[in-house]
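[1] Here's a sequence, model it:
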Amino acid sequence: MHRAFTIVEVLISVVILALVGTALLKNAGMNLDFLKKISSKEEAIDVMTIVASHHNPDFNHLQKSLYDFLAKEYLLDDNDLQKILRDTKIKYRESPIKISLPTLEGFDEEDQEEQPQNPINIQLVKLSAVSKVFGDYLYILELNE
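    Next up is the predicted model:
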């Protein structure tokens, strides 16, 4: 007697394969979406690194390209790179935030209400670079002298 699979066994195996295939496709789609988010965030970090390391108060509240930030310090003779930098336009905003922190010198536990004599002045510069692709904020710490 020749033994073969019944129709019920074949249908069950097809359903199991369909469920596994659907789960794999869903997982692959989620991975592609996650990869797009990571690459977008990496691009934003690259742009903010250029803006932070070459920030210029003269560009405040203006729309500039990355080429404007780099052209003064670097000789960019690669035409493809110049095109990429000029096409990446951002709206640049710089706003200082001043904070005074008390020092612990001369601070007595009994006189907690009394302010110490030597405050430390800290200035945070909030850089905002907004483009069509991303919008990120970066704080740069500067100590006042």
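[2] where along this structure do the helices fall?
    7-53, 66-70, 79-87 (DSSP state H).
[3] With mean pLDDT as extra columns, can I get those in TSV?
    Below are the helices of the chain laid out as TSV (pLDDT from 0 to 100):
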stretch	mean pLDDT
helix 7-53	89
helix 66-70	86
helix 79-87	87
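[4] just how off-centre is the strand ranked longest in the chain within its chain?
    For the chain, the strand with the greatest residue count under DSSP state E is strand 89-102. The chain centroid and the centroid of strand 89-102 are separated by 17 Å, computed with CA atoms, centre = their mean, to the nearest Å.
[5] Let me know which of the helices of the chain is tucked in deepest.
    helix 66-70 (a mean of 20; mean count of other CB atoms under 10 Å). C-beta: built from backbone N, CA, C; applies to glycine.
[6] Just the residues contacting it, thanks.
    47, 50-51, 54-56, 59, 76, 82, 85-86, 88, 90 (CB atoms under 8 Å, 6 or more residues apart in numbering).
[7] could I get that helix in PDB with only the CA atoms?
    These are the backbone C-alpha positions of helix 66-70, laid out as PDB (Å, rounded to 0.1, in the frame of the first residue of the first chain):
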ATOM      1  CA  LEU A  66      26.500  73.600   5.300                       C
ATOM      2  CA  TYR A  67      28.900  75.000   2.700                       C
ATOM      3  CA  ASP A  68      28.600  78.400   4.400                       C
ATOM      4  CA  PHE A  69      29.800  77.000   7.700                       C
ATOM      5  CA  LEU A  70      32.800  75.200   6.200                       C
END
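[8] any idea how far it is from the chain center?
    19 Å.
[9] Then stretch 34-45?
    With CA atoms, centre = their mean, you get 8 Å for stretch 34-45.
[10] Equivalent analysis for stretch 46-57, please.
    With CA atoms, centre = their mean, you get 13 Å for stretch 46-57.
[11] same thing with stretch 88-99?
    Using CA atoms, centre = their mean, the offset of stretch 88-99 from its chain centre is 15 Å.
[12] thinking again about what came up before, out of the helices of the chain, which gets nearest to Ile99?
    For the helices of the chain, proximity to Ile99 was assessed by CB to CB; helix 7-53 is nearest, at 19.2 Å.
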